[in-house]
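Chemist: heads up, no residue letters with this:
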């Protein structure tokens, strides 16, 4: 099946629900229109269907390989697909026209990316990190760094990575030991020699293009040669695979990591400063500092937050593709008979109510995740074009609060949706004859990528709720309350009540978190709170969409449109009935003040390993 997304759905969400036409009234996006959006989505869909989706299985069956001279070779189908994305200009979609970009809204870019993720998310990540890398250099780099390293990525001639983790320092980046020693200043800025090892580096090397631009976190030693402690001592460096003079840099892939899924996108351990690459005999990979010393992590978080939205969109769209595959299979798979005609002919399994229940569960996860990520992307655009400081602060507060949700909710519940997709297929779903098992494996990285679900939860509770004093939450709650007031259709009464009840629980939980004096007690409840908050946010968005759909239903022009709008109402009702009650269960330990997970000692888990 070649369908990647319901384009009717994208059009409704972008044009009618999010009203993105208003963005084109702003000076930054004035050269574009809804016709531009349609053209961009058409290009993404064409490449997705023709090249990316057909490369999904070959890229999984033929993972990248490391040659004896430390080059990484990827499958030809992956290379063709990624270069086709480059050739239609998608790499430059969000960049300024003066840099060779299209200067499109981020919302439009993310929607186009969503189509590509549906086709082949692993291959699409070649583009995700390249765009994020180039945006960071373009925003914080010198003119020389922008010319040599950002603009080639905008054009897709070079690709980019982010090199954060080390084998002993994953989420705890303050423990990194890669060091950067100042060498001299040149036309591009302050130049350093870097030495160390990085782990879990996606896109660390490959033969899709010749040049890879690495953004590397490292520490600058003090006068005594000691590295600063903690995250405040981390700086950020631009380290190219090939130097501007054509010489190879002293950075090599040491080994490839062999992954459960997302296999066509190489992930590697990387060594910097092995000492053999430079003719002058000096050891260390050459890199240029980006930004001020010690500000590297703050800078890198700009790229990470953008990547987190892309991970959320990726997960949402893999769930969406899994839903479409399940729906197609359920319509064609004959099995069993309906109870009212026990002696009749076999029927498609979609006629069985339990299958319809599973399809509705998938529909809620897929459409809820898509709506969530697009909503947050629009807030990023609104922050960019805000006409007043108050508007900018409001968009920034919503963006900050919802980014960990937009990353983690589709990742976690998209995975559950893909689990249901396999169940709809039955035994066939457990085989490699169908892509649902591949999507399930590919998406399993999403709750880990760019900060695990637990890290997102700690960020939400510790920084976005407690440290903010609940300001961002209060702004968001005003929008929720407005939707609850507007949901006047009697068909939505029960859903409205369920959503309202869920948010009453969130209100109580936020109040408890703000009053809690002990950070450890607050954090022990962070992940359940994130689950509950994410469910409440998605329930609100589905209700908001259903309210719009109910207002349009009576004026629908044909049966297709009526069924589409009715489907929006049904998925809202189902999510409210079956998912909103989970909010209270997740919040119960927090509201009761339970602390078992905090208090258990390591020795009390099991005696088997003593």
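Modeler: Yep, it's here. Keep in mind that what you see is a predicted model, and the values were worked out from it rather than measured. Numbers count the residues shown, from 1 in each chain.

Chemist: can you name the farthest residue from the center of the protein?
Modeler: Residue farthest from the centre of the chain, counting by C-alpha atoms, centre = their mean, is residue 343 at 48.9 Å.

Chemist: sec struct for that residue, please.
Modeler: coil (DSSP: H, G, I helix; E, B strand; the rest coil).

Chemist: now do the same for it: its pLDDT.
Modeler: On pLDDT, residue 343 comes in at 77.

Chemist: same check on residue 281?
Modeler: Residue 281 carries a pLDDT score of 61 in this model.

Chemist: relative to residue 336, how far out is the residue farthest from the centre of the chain?
Modeler: Residue 343 sits 12 Å away from residue 336, going by C-beta to C-beta, to the nearest Å. (Each C-beta comes from the backbone N, C-alpha and C, glycine too.)

Chemist: next: residue 492.
Modeler: From residue 492 to residue 336 the distance is 33 Å (C-beta to C-beta).

Chemist: which of the two has more residues huddled nearby?
Modeler: Shown here are residue 492 and residue 336; by other C-beta atoms under 10 Å, residue 492 has more neighbours (21 against 14).

Chemist: part of a strand, is the more buried one?
Modeler: No. Read with three-state DSSP, residue 492 is helix and lies in no strand.

Chemist: excluding covalently adjacent residues, which one is nearest to it?
Modeler: Of all residues not flanking residue 492 in the chain, residue 546 sits nearest, at 5.9 Å (C-beta to C-beta, 6 or more residues apart in numbering).

Chemist: I'd say the one you found and residue 567 touch.
Modeler: No. Taking contacts as C-beta atoms under 8 Å, residue 546 lies outside contact range of residue 567: 9.8 Å.

Chemist: out of the two, which sits in the busier spot?
Modeler: Under the criterion of other C-beta under 10 Å, the comparison of residue 546 against residue 567 puts residue 546 first, with 28 against 17.

Chemist: next up, identify which helix or strand the more buried one is on.
Modeler: Residue 546 belongs to helix 526-553 when assigned by DSSP states H and E.

Chemist: which strands and helices sit next to that helix?
Modeler: helix 353-385, helix 389-425, helix 453-458, helix 471-486, helix 493-515, helix 559-578, helix 580-592 (3 or more C-beta pairs under 8 Å, 6 or more residues apart in numbering; DSSP states H and E).

Chemist: could you export those helices as CSV, including distance to residue 283?
Modeler: Conversion of the helices and strands packed on helix 526-553 to CSV gives the following (distance: least, C-beta to C-beta, whole Å):
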stretch, distance to residue 283
helix 353-385, 41
helix 389-425, 38
helix 453-458, 34
helix 471-486, 47
helix 493-515, 49
helix 559-578, 57
helix 580-592, 52
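
Chemist: that older thread, do you know how far the residue nearest to residue 492 is from residue 319?
Modeler: Distance, residue 546 to residue 319, by C-beta to C-beta: 19 Å.

Chemist: go on, residue 483?
Modeler: Taking C-beta to C-beta, one finds residue 483 at 23 Å from residue 319.

Chemist: of those two, who's got more company?
Modeler: More crowded of residue 483 and residue 319, by other C-beta under 10 Å: residue 319, with 33 against 19.

Chemist: return the residues in contact with that one.
Modeler: Contact analysis of residue 319 by C-beta atoms under 8 Å, 6 or more residues apart in numbering lists 362, 365, 366, 369, 410, 413, 414, 415, 417, 418, 443.

Chemist: got the residues you listed as JSON lines, with pLDDT columns?
Modeler: Below are the contacts of residue 319 laid out as JSON lines (pLDDT from 0 to 100):
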{"residue": "362", "pLDDT": "98"}
{"residue": "365", "pLDDT": "98"}
{"residue": "366", "pLDDT": "98"}
{"residue": "369", "pLDDT": "98"}
{"residue": "410", "pLDDT": "98"}
{"residue": "413", "pLDDT": "98"}
{"residue": "414", "pLDDT": "98"}
{"residue": "415", "pLDDT": "98"}
{"residue": "417", "pLDDT": "98"}
{"residue": "418", "pLDDT": "98"}
{"residue": "443", "pLDDT": "98"}
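
Chemist: circling back to that earlier point, and of the helices and strands packed on helix 526-553, who's closest to residue 326?
Modeler: Taking C-beta to C-beta, helix 389-425 is the member of the helices and strands packed on helix 526-553 nearest to residue 326, at 4.2 Å.

Chemist: in the closest one, what's buried?
Modeler: Going by neighbour count (16 or more other C-beta atoms under 10 Å), the buried part of helix 389-425 is 394-415, 417-418, 420-425.

Chemist: what of stretch 214-226?
Modeler: Going by neighbour count (16+ other C-beta under 10 Å), the buried part of stretch 214-226 is 214, 215, 216, 217, 218, 219, 220.

Chemist: for that stretch, measure first residue to last.
Modeler: 24 Å (C-alpha to C-alpha, to the nearest Å).

Chemist: now do that stretch, average pLDDT.
Modeler: So the average pLDDT for stretch 214-226 ends up being 94.

Chemist: residues in contact with the least confident helix or strand in the chain by mean pLDDT?
Modeler: Ranked by mean pLDDT, DSSP states H and E, the weakest helix or strand in the chain is helix 519-524, scoring a mean of 88. Contacts of helix 519-524 with the rest of the structure, by C-beta under 8 Å, 6+ apart, involve 458, 461, 462, 466, 513, 516, 593, 595, 597, 598.

Chemist: now the fifth one: how far from residue 519?
Modeler: Right, residue 513. Distance of residue 513 to residue 519, computed by C-beta to C-beta: 10 Å.

Chemist: who has more neighbours out of these two?
Modeler: Applying other C-beta under 10 Å to residue 513 and residue 519 shows that residue 513 carries more neighbours, namely 22 against 12.
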